[in-house]
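1. Got a predicted structure plus its sequence, pasted below:
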Amino acid sequence: MTVERIAVGVATPYDVTVGRGLIDDLSRWLPAAGGRRRAAVVTTAPVAQHYAAPVTAGLEAAGLVVYLQDVPDGEPAKSLAVLGGLYDWLASIPLGRGDLIVALGGGVVTDLAGFVAATWHRGVRVMHVPTTLLAQVDAAIGGKTGINLVAGKNLVGAFHQPVAVVADIATLETLPARELRAGMAEVIKCGFIRDPIILDLIERDPVAALDPSGDVLVELARRAVAVKAQIVAADVFERGDRALLNYGHTLGHALETLTAYTRYRHGEAVGLGMRFAAHVSELTGVAAPGLHDRTTRILTKVGLPIVADPVDSDEVFAVMARDKKVRDGLQLVLCTRPGEADVVAAPARRLLTTALTGLQRR
Ligand code: NAD
Ligand code: GLY
């Protein structure tokens, strides 16, 4: 069994362990006990049915008393109401400052449980056991946590780094195929911004790339985790290069917002956003011709959409300008060549419109 440990070099460093079968022996990957007695596991039914038992057994084997709570499935769980219910549950345990919260699930669960951990008793330790590819390579790493308000997504949150992340690629065997492909968009993003070998591996064998029982996906996840770990460690609070992780996200977020988060999975919108950004990179001369075609081909190979539903460009650009990350005018992450990206001031509207039109054309 290949097991890789990638260190995230933040103020209190932690490891992301990537491999297959890790949750069958979870106690091995737990950080030093440090006086913890209780573990409060936050999860959701589709995940709990497969993985609650081995995770509970692993935590018990480490001497912890385990409490488990399901939250509603999907994005609605990132709400004030669910958050309030979790606080009441922690109070009933009662979970103390020296205890541990464990997030078992996709990015919704890691964001929500991470925020609970950031705020409970002014901060308790959290371990992430991500079970979607998106959470394994992105959401569970780097300490961004949060919930949504009616006014917008992720408007309430905190930076709170986990003490450990255990990414068991075998859990992806039960993940719906559409979710797996959506997570692959974030892996591809890591290829375009930092590690082009990711792109080569996917192009060489896209079927193996999407097979959770093989080694190629473990290698891809390891590489994507290494990219995220490097970027986060260099810029924890997103004052500089962490913004590169938003490649494909500015348009992606706008498409998600305008379709009320019901039309696209996040990774699908990011894939479309990368195709748009690659086209803009070429139109502005930031990248040589070929980037847009390569992006289209690689998205196609892994079954991600390459054409967006028709959208009103005025609405799209208005939403992009309202992005909470916009500070000094709209900026875009563009790819200069596979493996390198940069944050640049958005080019003339005419170029953006050409790229947006291209994204909607068959
Ligand atoms: P998700 O957590 O809703 O999971 C998708 C679906 O897959 C859910 O129905 C879930 O129950 C199911 N599932 C998860 N693992 C499974 C498994 N192994 N087997 C069977 N079913 C499984 O969605 P997601 O795409 O993982 O996460 C999206 C969230 O992540 C969004 O809220 C987004 O804002 C957040 N996010 C956060 C960051 C960050 O840096 N904090 C980064 C990216 C995304
Ligand atoms: N998902 C982008 C980041 O963590 O910064």
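-> Arrived safely. Numbers count the residues shown, from 1 in each chain. Ligands and ions are numbered 1, 2, ... in the order given.
2. mind checking the SS state of residue 56?
-> Recorded secondary structure, residue 56: helix (DSSP: H, G, I helix; E, B strand; the rest coil).
3. Name the helix or strand for the residue lying closest to it once chain neighbours are set aside, please.
-> The shortest distance from residue 56 to any non-neighbouring residue, by Cβ to Cβ, 6 or more residues apart in numbering, is to residue 66 (4.8 Å). Where C-beta positions appear, they are placed from N, C-alpha and C, glycine not excepted. Assigned by DSSP states H and E, residue 66 belongs to strand 65-71.
4. from memory residue 127 sits against residue 140, does it?
-> No - in this structure residue 127 lies outside contact range of residue 140 using Cβ atoms under 8 Å: 9.6 Å.
5. Now the common contact residues for these two.
-> Common contact partners of residue 127 and residue 140 (Cβ atoms under 8 Å, 6 or more residues apart in numbering): 103, 162, 165.
6. Please convert those to a markdown table, extending it with neighbour count, pLDDT and secondary structure.
-> Putting the shared contacts of residue 127 and residue 140 into a markdown table (neighbours: other Cβ atoms under 10 Å; pLDDT from 0 to 100; DSSP: H, G, I helix; E, B strand; the rest coil) gives the following:
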| residue | neighbour count | pLDDT | secondary structure |
| --- | --- | --- | --- |
| 103 | 31 | 98 | strand |
| 162 | 30 | 98 | coil |
| 165 | 28 | 98 | strand |
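7. What backbone torsions are found at the residue in the stretch 151-300 of the chain positioned nearest to ligand 2?
-> Nearest residue of the stretch 151-300 of the chain to ligand 2, counting by Cβ to the nearest ligand atom: residue 245, 4.0 Å away. The phi/psi pair for residue 245 (degrees, to the nearest 10) reads phi -70, psi -10.
8. Enumerate every residue touching it.
-> Contact partners of residue 245, counting by Cβ under 8 Å, 6+ apart, are 138, 189, 193, 228, 231.
9. separation between the residue nearest to residue 56 and ligand 1?
-> Separation of residue 66 from ligand 1 (Cβ to the nearest ligand atom, to the nearest Å): 19 Å.
10. Double-check that residue against residue 58; I have them as touching.
-> No - with contact defined as Cβ under 8 Å, residue 66 does not reach residue 58; the gap is 9.3 Å.
11. Mind checking which of the two has more residues around it?
-> Neighbours per residue (other Cβ atoms under 10 Å) separate residue 66 from residue 58, with residue 58 holding more: 24 against 18.
12. Would you agree that one is in contact with residue 26?
-> Yes - between residue 58 and residue 26 there is a contact under Cβ under 8 Å: 2.6 Å.
13. Export the shared contacts of residue 127 and residue 140 to JSON lines and append columns for distance to ligand 1.
-> As requested, those are exported to JSON lines (distance: Cβ to the nearest ligand atom, whole Å):
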{"residue": "103", "distance to ligand 1": "10"}
{"residue": "162", "distance to ligand 1": "11"}
{"residue": "165", "distance to ligand 1": "12"}
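14. hmm, back to that, of the contacts of residue 245, list those near ligand 2.
-> Restricting the contacts of residue 245 to those near ligand 2 by Cβ under 6 Å from any ligand atom leaves residue 138.
15. Quick one: the contacts of residue 245 as CSV, columns for neighbour count too.
-> Shown next, in CSV, are the contacts of residue 245 (neighbours: other Cβ atoms under 10 Å):
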residue, neighbour count
138, 27
189, 32
193, 26
228, 24
231, 22
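16. Which members of the contacts of residue 245 are positioned in helices?
-> In this view, the contacts of residue 245 that belong to helices under DSSP state H are 189, 193, 228, 231.
17. I'd like these as CSV, with pLDDT appended.
-> Formatted as CSV, those follow (pLDDT from 0 to 100):
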residue, pLDDT
189, 98
193, 98
228, 98
231, 98
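18. Could you export these as CSV, including distance to ligand 1?
-> Output for those, formatted as CSV (distance: Cβ to the nearest ligand atom, whole Å):
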residue, distance to ligand 1
189, 11
193, 15
228, 9
231, 11
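19. out of those residues, which one sits closest to residue 219?
-> Comparing those against residue 219 with Cβ to Cβ places residue 228 closest, at 15.3 Å.
20. hang on, that closest one packs against residue 187?
-> No - using Cβ under 8 Å, residue 228 makes no contact with residue 187, being 10.2 Å away.
21. which neighbours do the two share?
-> Here residue 228 and residue 187 share the contacting residues residue 137, scored by Cβ under 8 Å, 6+ apart.
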